[in-house]
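>>> pasting the structure only:
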């Protein structure tokens, strides 16, 4: 559409909604012409909680409908796909073949390796069980991009928490190729959808030394926290629920890369510190072991010990 | 012997990984087994950690029902510390719990179950849908499909309610033993 036509559109549309409708159509058409294909995505759910796809469903602007219709071709997804059983397996095989070298593999969850990966089985056929280890290794080879959604996939996360009896490891440790880590427990829908949008429009985003897009993880929580002035003045909270800086209550903001203070969560309404609770560092490579005990100040955190924690009634100090 | 082994895997549209196997002998189901094929060992993960960590850690058991685990842990930790929570805290917990329930029910029915009953539009992730037993008439079908997408928005709104009090959702942070915080 030429500029003159566009200007005319503005001048001639008098009713407000008619104008917006027309503008939207123009934008949609331009977008469609620019990026004619949607991003083909194969979404594998492995050893996880399913948090990340729930968070993905919480995406606003674009909503789920827009994502499916205009952004991604979600070829295989255990959570969303209509097909089941053998039909689903067939779709996966066809998709991997048809889009070989083009699809984006989104892995949600860690990959257990102990006992040949027996602890996560993606599906069973008449002849064999397909473990997550096999599926990720195989599909990871032929993918154009591999996105690890969530902290479990990116770094092991809660699935790999001490003592990690399943031997769960991150996707990057399984594959010999670059993996884009979009971590978070769960990942903020904006981070995941934003990364997919970036892949669709511009390709690989800039990544930090942990493989996470700097677009979202470049700064620490601490840098933009609304309570930073309390911290700078040494005004620390006496207890949970206090409005001052919660470093004394276990906040891990200083070592956590994420943009929660201004992006916030769930349609941008709130984030942990705003709701008066300390950040638990859910995007960190050492989450959760590096953040526990959650309510002990950072310098004194040590997984497995109970120093400086409120004692329970009747607790004589032995574990 | 007319034994047949039927494997139905993966069962899609749920939270997690599920396989079903049935042994059928002369048209009668003799054995039916379901396997949830995803294991992390949360009981082992919980051991040796401070009991208050349970409130956040157990929420990582499942994403669609995370608050249920957080709430159960909070009530248990309250008992461990012999705490009575103030009335407002109880209300806040109830609201948060209710919001997560709502989200769970909406998502389970619309996003997980409707594609078994209504003919979904022909683009991924709905391709390859089994059309063998669809019984809705076209008008009802169209309505169900529209509701599917509206439900995605409604469930998001439920989580928004949860996030207002909990900081974020799915797993939220402000449900604790002895009280429930909210910004003043």
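Perfect, I can see it now. In this text, all values refer to a predicted model and were calculated from it rather than measured experimentally.
>>> could you find the closest non-adjacent residue to residue B:166?
Leaving aside its chain neighbours, residue B:166 sits nearest to residue B:172 (2.6 Å; criterion: Cβ to Cβ, 6 or more residues apart in numbering or on different chains). For every residue, glycine as well, the C-beta is placed using N, CA and C.
>>> hang on, that neighbour packs against residue B:70?
Yes. Using Cβ atoms under 8 Å, residue B:172 is in contact with residue B:70, at 7.1 Å.
>>> which neighbours do these two share?
Any residue near both residue B:172 and residue B:70 by Cβ atoms under 8 Å, 6 or more residues apart in numbering or on different chains counts here, and that gives residue B:59.
>>> mind checking pLDDT for the residue nearest to residue B:166?
The per-residue pLDDT reported for residue B:172 equals 75.
>>> report how many residues lie close to it.
28 (other Cβ atoms under 10 Å in any protein chain shown).
>>> now swap in residue A:98 and tell me
11.
>>> what does it show for phi and psi?
Dihedral pair for residue A:98: phi -60, psi -40, per degrees, to the nearest 10.
>>> flag the shaky bits of chain A, pLDDT-wise.
A:1, A:3, A:6-7, A:9-24, A:26-27, A:30-36, A:303-319 (pLDDT under 70).
>>> nearest the geometric middle of it, what residue?
Nearest to the geometric centre of chain A sits residue A:187, at 2.6 Å (Cα atoms, centre = their mean).
>>> then chain B?
Short answer for chain B (Cα atoms, centre = their mean): residue B:64, at 3.2 Å.
>>> which residue is the nearest non-sequential neighbour of that one?
Using Cβ to Cβ, 6+ apart, the closest residue to residue B:64 is residue B:15 (4.6 Å).
>>> which parts of chain A are helices?
Secondary structure of chain A by DSSP state H: the helices cover A:3-12, A:16-34, A:51-57, A:64-66, A:85-98, A:132-141, A:151-155, A:171-174, A:189-201, A:214-217, A:221-224, A:228-232, A:260-263.
>>> among those, which is nearest residue A:112?
helix A:132-141 (6.8 Å; Cβ to Cβ).
>>> might you calculate how far that closest one sits from the centre of the chain?
Remark: helix A:132-141 is offset 20 Å from the chain centroid, using Cα atoms, centre = their mean, to the nearest Å.
>>> and that helix, what does it pack against?
When contacts are defined as 3 or more Cβ pairs under 8 Å, 6 or more residues apart in numbering or on different chains; DSSP states H and E, helix A:132-141 sits against strand A:39-45, strand A:104-108, strand A:111-112, strand A:121-124, helix A:171-174.
>>> in it, what counts as buried?
In terms of neighbour count (16 or more other Cβ atoms under 10 Å in any protein chain shown), helix A:132-141 has its buried residues at A:132, A:133, A:134, A:135, A:136, A:139, A:140.
>>> so chain A: which segments form each domain?
Here the domain assignment for chain A is A:17-216, A:219-319, based on automatic domain parsing.
>>> hmm, back to that, please work out which of the helices and strands packed on helix A:132-141 is packed deepest.
Ranked by mean neighbour count, the helices and strands packed on helix A:132-141 are led by strand A:111-112 with a mean of 31 (mean count of other Cβ atoms under 10 Å in any protein chain shown).
>>> which other helices and strands contact the longest helix along chain B?
If you go by DSSP H, chain B has its longest helix at helix B:138-166. When contacts are defined as 3+ Cβ pairs under 8 Å, 6+ apart, helix B:138-166 packs onto helix A:51-57, helix A:64-66, helix B:87-106.
>>> angle of it against helix A:189-201?
120 degrees (axes from the mean of the first three to the mean of the last three Cα atoms, to 10 degrees).
>>> what residues sit buried inside helix B:138-166?
Of the residues in helix B:138-166, B:141, B:144-145, B:148-149, B:151-152, B:155-166 count as buried by neighbour count, 16+ other Cβ under 10 Å.
>>> so how far is it off the chain centroid?
On Cα atoms, centre = their mean, the centre of helix B:138-166 falls 15 Å from that of its chain.
>>> show the average pLDDT along that helix.
If you average the pLDDT over helix B:138-166, you get 92.
>>> just the angle for that helix relative to helix B:87-106, thanks.
Using the same axes, to 10 degrees: helix B:138-166 against helix B:87-106 is 150 degrees.
>>> mind putting the buried residues of helix A:132-141 into JSON lines with distance to residue A:221?
Shown next, in JSON lines, are those (distance: Cβ to Cβ, whole Å):
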{"residue": "A:132", "distance to residue A:221": "31"}
{"residue": "A:133", "distance to residue A:221": "33"}
{"residue": "A:134", "distance to residue A:221": "37"}
{"residue": "A:135", "distance to residue A:221": "34"}
{"residue": "A:136", "distance to residue A:221": "30"}
{"residue": "A:139", "distance to residue A:221": "33"}
{"residue": "A:140", "distance to residue A:221": "31"}
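>>> end-to-end on stretch A:191-209?
17 Å (Cα to Cα, to the nearest Å).
>>> if I pick residue A:113, what's in contact with it?
Neighbours of residue A:113 in contact, by Cβ under 8 Å, 6+ apart: A:133, A:167, A:168, A:169, A:174.
>>> nearest residue to it in space, ignoring adjacent ones along the chain?
residue A:167 (4.7 Å).
>>> residues in contact with the one you found?
A:112, A:113, A:114, A:115, A:119.
>>> burial count for the third one?
Same thing as residue A:114. Residue A:114 has 14 nearby residues by other Cβ under 10 Å.
>>> do the same with the last one
The local packing count at residue A:119 equals 26, with neighbours defined by other Cβ under 10 Å.
>>> surely it is in contact with residue A:166?
Yes. Judged on Cβ under 8 Å, residue A:119 makes contact with residue A:166 at a distance of 4.2 Å.
>>> okay, and the common contacts of the two?
Between them, residue A:119 and residue A:166 share the contacting residues A:47, A:112, B:39, B:40, judged by Cβ under 8 Å, 6+ apart.
>>> near chain B, which residues of the stretch 101-250 of chain A?
A:109, A:112, A:119-126, A:129, A:158-159, A:161-163, A:165-166, A:168, A:185-186, A:240-241, A:243 (Cβ under 8 Å from any Cβ of the partner chain).
>>> now the buried members of those.
Buried, going by 16+ other Cβ under 10 Å: A:109, A:112, A:119-124, A:129, A:158-159, A:161, A:166, A:168, A:185-186, A:240-241, out of those.
>>> could the helices and strands packed on helix A:132-141 be laid out in TSV, adding distance to residue B:84?
Shown next, in TSV, are these (distance: least, Cβ to Cβ, whole Å):
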stretch	distance to residue B:84
strand A:39-45	41
strand A:104-108	40
strand A:111-112	42
strand A:121-124	45
helix A:171-174	45
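>>> for residue A:226, give me its contacts.
A:261, A:273, A:274.
>>> any idea how far chain B is from it?
The spacing between residue A:226 and chain B, counted by Cβ to the nearest Cβ, to the nearest Å, is 10 Å.
>>> now that residue: how far from residue B:25?
For residue A:226, the distance to residue B:25 (Cβ to Cβ, to the nearest Å) stands at 66 Å.
>>> now do the contacts for residue A:230.
A:236, A:244, A:245.
>>> which one (most neighbours) among the residues you listed?
residue A:245 (24 neighbours).
>>> correct me if wrong: that one contacts residue A:238.
No. Using Cβ under 8 Å, residue A:245 makes no contact with residue A:238, being 11.0 Å away.
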